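# Fold the following for me, if possible:
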Amino acid sequence: QVQLVESGGGLVQAGGSLRLSCAASGGGIFTINVMGWYRQAPGKQRELVATLTRGGSANYADSVKGRFTISRDNAQNTVWLQMNSLKPEDTAVYYCNAMVVVATPVRALEVWGQGTLGTVSS
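Next up is the predicted model:
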């Protein structure tokens, strides 16, 4: 069973920073092609924040470009999201997501973390 464990959420004032981390664990992980972060604000749908392929290609939502940076360690199956210049509208539950290839039998799984709350006060 593959799991994603997130940490790093919290309360910060506008203009501040938060760093989220997410580590994949569980038996049978062969590779993780894409890791990323999504968020869901109160009363809104879940939306993409940033994704990063194993090869290093990153994709960001327009609303976070220039403020957020996604990075990963392929060997440790870990992804981070550095969030700077935070705004109150960044307040949301942030979810880690990974496209995992497992072995025995070989198959692809989409896995979600439990979510971590990031709150930005004005």
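# Pull the contacting residues for the most centrally placed residue in the chain.
The centroid of the chain falls nearest to residue 37 when counting by C-alpha atoms, centre = their mean (2.7 Å). Residue 37 sits next to 20, 22, 49, 50, 51, 70, 79, 81, 94, 95, 96, 97 when contact means C-beta atoms under 8 Å, 6 or more residues apart in numbering. For every residue, glycine as well, the C-beta is placed using N, CA and C.
# same check, this time on residue 109
Residue 109 neighbours (C-beta under 8 Å, 6+ apart): 2, 99, 100, 101, 102.
# Of the residues you listed, which is the nearest to residue 114?
Among the contacts of residue 109, residue 2 lies closest to residue 114 (C-beta to C-beta), at 13.3 Å.
# how about the nearest residue to that closest one once chain neighbours are set aside, what does it touch?
The shortest distance from residue 2 to any non-neighbouring residue, by C-beta to C-beta, 6 or more residues apart in numbering, is to residue 26 (3.9 Å). Contacts for residue 26 were tallied using C-beta under 8 Å, 6+ apart; they are 1, 2, 3.
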